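Undergrad: fold the following, please.
(one chain, ligands or ions: 1)
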Amino acid sequence: MAKITLEKLRHSYMADPKGPEDYALKEIDLDWENGGAYALLGPSGCGKSTLLNIISGLLYPTEGRILFDGNDVTQLPPDKRNIAQVFQFPVIYDTMTVYDNLAFPLRNRGVDEGHVKARVEEIAAMLEVTEMLSVRAAHLTADNKQKISMGRGLVRDDVNVIMFDEPLTVIDPHLKWKLRSKLKELHQRVRVTMIYVTHDQTEALTFADQVVVMQEGEVVQIGTPVELFERPAHTFVGHFIGSPGMNVLPAEVRDGAAFFAGQRIVLEGTISAGSGRHEIGVRPEFVALSEAGVPATVRKVMDLGRHSVVEAVAGDARISAVVEGAAPGQGDTVHLSFKPEQTRLYRDGWIASEKGRAA
Ligand SMILES: Nc1ncnc2c1ncn2[C@@H]1O[C@H](COP(=O)(O)OP(=O)(O)OP(=O)(O)O)[C@@H](O)[C@H]1O
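TA: Have a look, this model is predicted:
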């Protein structure tokens, strides 16, 4: 196991990159602590696979360094980095039994058969595949093949990091939640550093202690699932995480106060110095229907059983609110109030209100 440090990492697929737009990874400085459960989350094309391939050694970065426990591994090939990888599609040998598939990474490194047996049986029990050990892999379902593929990633206890690249893509939806929680449980038992790459927020938030959110080749926030939900550092994180995502409303700032639709909006704290394009960010969970507040017209109501999501329009802006109990009807005029300690200001996308007493 190792702490992994990415230092001023940049990568371009072009021979002669010029501006930032030519870089698939802009500039990344990041520490992955020893034994952590991380998710790397972001939309398609944001650079997740590029970053993963740089850590595993399949790709050498254009600039910057990768350190494992302080040792520079930037130029080392994959087989010298001691990393286990689980891919989107199962990587197993169809002609071998499940037992031999799980044993393979250990036998390959000359581990003695006694230890191989103990380890294979332990991993098989964790993954609940013990009864399949003597079955040939060719006879397994796609789900079980991927489980064995994960087992092959988990079986060695001497790796620096295990990387999972969208490992649940081929898994049946009803089994996904089960494997997700299994993986979390496995991490708690084996405590190897794990990096789980996904574009699915549910997968990221259920697996990881720390989520690294990427957008367009940059890391926009690193935080616990609660931190990402409660205080997105960037409007992108607010949009991307949560369902529906955070409301992002055009704002005007004057005399140290923020205004939306002509009304003063109380924020979580004071506004940091600076100028730029301002927006107010507030999650639908913290928007309430009230007597006073921003007047809006209800456009749509979605009844989700325990609560409703009310979508209203104020000026050109759409605002969603999560409403418990009786919901208004389409076309009704309502007033919306925002919970001050959960209402933030953003400047050019980045958070610009300070945590403190609502102001
Ligand atoms: N081999 C390549 N040659 C040129 N450009 C590439 C190559 N691989 C990726 N890119 C570009 O680099 C950017 C980042 O791609 P990358 O595959 O790392 O993103 P991703 O977040 O993993 O996306 P996905 O989830 O779709 O795999 C994209 O703009 C992509 O088009």
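Undergrad: contacts and neighbour counts: CA atoms only from here.
TA: Will do.
Undergrad: double-check that residue 206 belongs to a strand.
TA: No. Assessed with DSSP: H, G, I helix; E, B strand; the rest coil, residue 206 is helix; it does not lie in a strand.
Undergrad: ok, it touching residue 180?
TA: Yes. Residue 206 is within contact range of residue 180, at 7.2 Å (criterion: C-alpha atoms under 8 Å).
Undergrad: now do the helices in the stretch 151-300 of the chain.
TA: In the stretch 151-300 of the chain, the helices defined using DSSP state H, counting those that start in this stretch lie at 173-190, 201-207, 225-230, 235-240.
Undergrad: helices or strands next to the first one in the packing?
TA: To tie it back to what came earlier, the one meant is helix 173-190. Applying 3 or more C-alpha pairs under 8 Å, 6 or more residues apart in numbering; DSSP states H and E, one finds that helix 173-190 contacts helix 201-207.
Undergrad: likewise the last one?
TA: The helices and strands touching helix 235-240, judged by 3+ C-alpha pairs under 8 Å, 6+ apart, are helix 225-230, strand 247-250.
Undergrad: adjacent strands (with direction) for the last one?
TA: When pairs are called by DSSP bridges, strand 247-250 turns out to pair with strand 278-282 (antiparallel).
Undergrad: most tightly packed of the helices of the stretch 151-300 of the chain?
TA: Sort the helices of the stretch 151-300 of the chain by mean neighbour count, taking mean count of other C-alpha atoms under 10 Å, and helix 235-240 sits at the top with a mean of 22.
Undergrad: list the contacts of it.
TA: With contacts defined as C-alpha atoms under 8 Å, 6 or more residues apart in numbering, helix 235-240 is touched by 201, 213, 215, 220-221, 228-229, 232, 245-248, 281, 283, 346, 349-351.
Undergrad: try 10 Å this time
TA: Here helix 235-240 makes contact (C-alpha atoms under 10 Å, 6 or more residues apart in numbering) with 41-43, 199-201, 213-215, 220-221, 228-232, 241, 244-248, 279-283, 345-351.
Undergrad: I figured residue 241 hits residue 211, correct?
TA: No. At 11.0 Å, residue 241 and residue 211 do not qualify as touching, with contact defined as C-alpha atoms under 10 Å.
Undergrad: just want to know which of the two has more residues nearby.
TA: Using other C-alpha atoms under 10 Å, the more surrounded residue of residue 241 and residue 211 is residue 211, with 25 against 22.
Undergrad: what bridges to the nearest residue to the more buried one once chain neighbours are set aside?
TA: Nearest non-adjacent residue to residue 211, counting by C-alpha to C-alpha, 6 or more residues apart in numbering: residue 39, 4.8 Å away. With DSSP bridges as the criterion, residue 39 is bridged to residue 196, residue 211.
Undergrad: isn't residue 39 up against residue 184?
TA: No. Look at residue 39 against residue 184 with C-alpha under 10 Å: they stay out of range, at 11.4 Å.
Undergrad: find the residues that touch each one of those two.
TA: Here residue 39 and residue 184 have 194, 206, 207, 208, 209 as joint contacts, going by C-alpha under 10 Å, 6+ apart.
Undergrad: which pair of these spans the longest distance?
TA: 194 and 206 (13.6 Å; C-alpha to C-alpha).
Undergrad: tell me which element residue 49 is part of?
TA: helix 48-56 (DSSP states H and E).
Undergrad: pLDDT of that helix, averaged?
TA: Averaged over helix 48-56, pLDDT sits at 94.
Undergrad: let's see it as PDB, backbone CA atoms only.
TA: Extracted C-alpha coordinates of helix 48-56, given in PDB (Å, rounded to 0.1, in the frame of the first residue of the first chain):
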ATOM      1  CA  LYS A  48     -10.800  10.100 -15.800                       C
ATOM      2  CA  SER A  49      -9.400   7.300 -17.900                       C
ATOM      3  CA  THR A  50      -6.400   9.500 -18.900                       C
ATOM      4  CA  LEU A  51      -5.600  10.100 -15.200                       C
ATOM      5  CA  LEU A  52      -6.100   6.400 -14.400                       C
ATOM      6  CA  ASN A  53      -3.800   5.300 -17.200                       C
ATOM      7  CA  ILE A  54      -1.200   7.800 -16.000                       C
ATOM      8  CA  ILE A  55      -1.300   6.300 -12.500                       C
ATOM      9  CA  SER A  56      -1.100   2.700 -13.800                       C
END
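Undergrad: how far off centre is it?
TA: Computed by C-alpha atoms, centre = their mean, to the nearest Å, the chain-centroid distance of helix 48-56 equals 15 Å.
Undergrad: in the chain, which helix or strand is least confident?
TA: helix 173-190 (a mean of 85; mean pLDDT, DSSP states H and E).
Undergrad: just the CA coordinates for it, please, in PDB.
TA: Output of helix 173-190 as PDB, limited to C-alpha atoms (Å, rounded to 0.1, in the frame of the first residue of the first chain):
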ATOM      1  CA  PRO A 173     -29.200  -3.100 -12.400                       C
ATOM      2  CA  HIS A 174     -30.800  -5.000  -9.500                       C
ATOM      3  CA  LEU A 175     -27.400  -6.500  -8.600                       C
ATOM      4  CA  LYS A 176     -25.500  -3.200  -8.800                       C
ATOM      5  CA  TRP A 177     -26.400  -1.900  -5.300                       C
ATOM      6  CA  LYS A 178     -25.400  -5.300  -3.900                       C
ATOM      7  CA  LEU A 179     -22.000  -5.300  -5.400                       C
ATOM      8  CA  ARG A 180     -21.500  -1.600  -4.600                       C
ATOM      9  CA  SER A 181     -22.100  -2.200  -0.900                       C
ATOM     10  CA  LYS A 182     -20.000  -5.400  -1.100                       C
ATOM     11  CA  LEU A 183     -17.100  -3.400  -2.400                       C
ATOM     12  CA  LYS A 184     -17.400  -0.900   0.400                       C
ATOM     13  CA  GLU A 185     -17.400  -3.700   2.900                       C
ATOM     14  CA  LEU A 186     -14.400  -5.200   1.300                       C
ATOM     15  CA  HIS A 187     -12.500  -2.000   1.500                       C
ATOM     16  CA  GLN A 188     -13.200  -1.700   5.200                       C
ATOM     17  CA  ARG A 189     -11.800  -5.200   5.600                       C
ATOM     18  CA  VAL A 190      -8.700  -5.100   3.400                       C
END
